[in-house]
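# Give me the fold of what follows.
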Amino acid sequence: MRFGMVMVLLMAMTGTAYAEQGRITMNGTGTVYAEPDMAVVTVGATHQAKSAKAAMDQVSGTVEKILVTLSASGVEPRDMQTSGIRLDPVRDHRSYDDGGPRLVGFSASNQVSVRVRDLDNLGEILGDLVAVGANDVNGVRFDVREPRNMQDEARKLAVVDARAKAELYAEAAGVRLGRIVSISESGGSRPRPEMMRAASMADSAAVPVAAGELALEAQVQIVWELAE
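Below is the predicted model:
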């Protein structure tokens, strides 16, 4: 079969494989699943008061309790990092003065990003944080401490996937794969964080947590020459 006919057949089959000037290009995907062994939690406090200082003082007091609680739970200082501090005016848009909506107070917030390396204690830690006043829990993201092996395995599977599809299409078109011209990687991805809201935790001593599993994906593109 001539190369021009190969190109038409491959484009008609998927659109991800095509032949051009005696070559075939194929994309491959590899996915590896694993149980997480750590979590990253964003937790903090938000308070509103009539003055900026009062709002920030309330937040600072709560965050101090959060840090003490984390330390008592075995979280190391290197795993705690301030991730956001805000102070915003609060206005009543139902009443106005010369400067626009009337200023009624200030809202202050302080958030801390925490790595929890012991997942068995994650639910208890979250419950303890809510108990000391944490009212701003943005999310829990599960992760693995050493993703390199997972990444490498996903890359291998992506190459296998690309070759298997390329061989299938080449056989269907009546040609053979030649030498590899190039291999390129187009990145990887992780699952989106599992979101948890403080409102659902308020009456819980230990927060129920389901870690599930992680999926790490690798994508490659391989170009082969077609054998004569």
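
# Got the domain ranges for this protein?
3-35+147-191+216-227, 38-143 (automatic domain parsing).

# Now do the longest helix anywhere in the chain, average pLDDT.
Taking DSSP state H as the criterion, the chain has its longest helix at helix 148-173. Mean per-residue pLDDT for helix 148-173: 93.

# Run the chain-centre distance for the helix or strand following it.
Sequence-wise, the next helix or strand downstream of helix 148-173 (DSSP states H and E) is strand 176-189. Relative to its chain's centre, strand 176-189 lies at 26 Å (Cα atoms, centre = their mean, to the nearest Å).

# Pull up the pairing partners for strand 176-189, direction included.
strand 214-227 (antiparallel) (DSSP bridges).

# Could you pull up the residues touching the closest residue to residue 46 other than its chain neighbours?
Nearest residue to residue 46 in three dimensions, chain neighbours excluded: residue 109, at 4.1 Å (Cβ to Cβ, 6 or more residues apart in numbering). Yep, even glycine has a C-beta here, placed from its N, CA and C like the rest. Shown in contact with residue 109 (Cβ atoms under 8 Å, 6 or more residues apart in numbering): 44, 45, 46, 47, 59, 84, 85, 86, 87, 136.

# Can you tell me the element residue 109 falls in?
With DSSP H and E as criterion, residue 109 is part of strand 100-116.

# buried stuff in the helix or strand just after that strand?
Note on strand 100-116: by DSSP H and E, the next helix or strand toward the C-terminus is helix 122-131. Going by neighbour count (16 or more other Cβ atoms under 10 Å), the buried part of helix 122-131 is 122, 123, 125, 126, 127, 128, 129, 130.

# what's the angle from helix 122-131 to strand 100-116?
Put simply, helix 122-131 runs at 150 degrees to strand 100-116, going by axes from the mean of the first three to the mean of the last three Cα atoms, to 10 degrees.

# Please tell me the pLDDT value assigned to the residue nearest to residue 46.
96.

# for residue 14, same thing?
Value listed for residue 14 in the pLDDT field: 40.

# The one 4 residues further on now?
Residue 18 is assigned 51 on the pLDDT scale.

# repeat for the one 3 residues further on
pLDDT, the model's per-residue confidence, is 70 for residue 21.

# burial count for it?
8 (other Cβ atoms under 10 Å).

# these two touch, right, residue 88 and residue 106?
Yes: in this structure, residue 88 is within contact of residue 106 by Cβ atoms under 8 Å, at 6.8 Å.

# of the two, who's got more company?
Neighbours were counted for residue 88 and for residue 106 using other Cβ under 10 Å; residue 106 has more, 19 against 14.

# Name all residues that make contact with that one.
Contacts of residue 106 by Cβ under 8 Å, 6+ apart are 48, 49, 50, 51, 52, 54, 55, 56, 87, 88, 89, 90.

# If anything else comes up later, I'll come back, but that's it for now.
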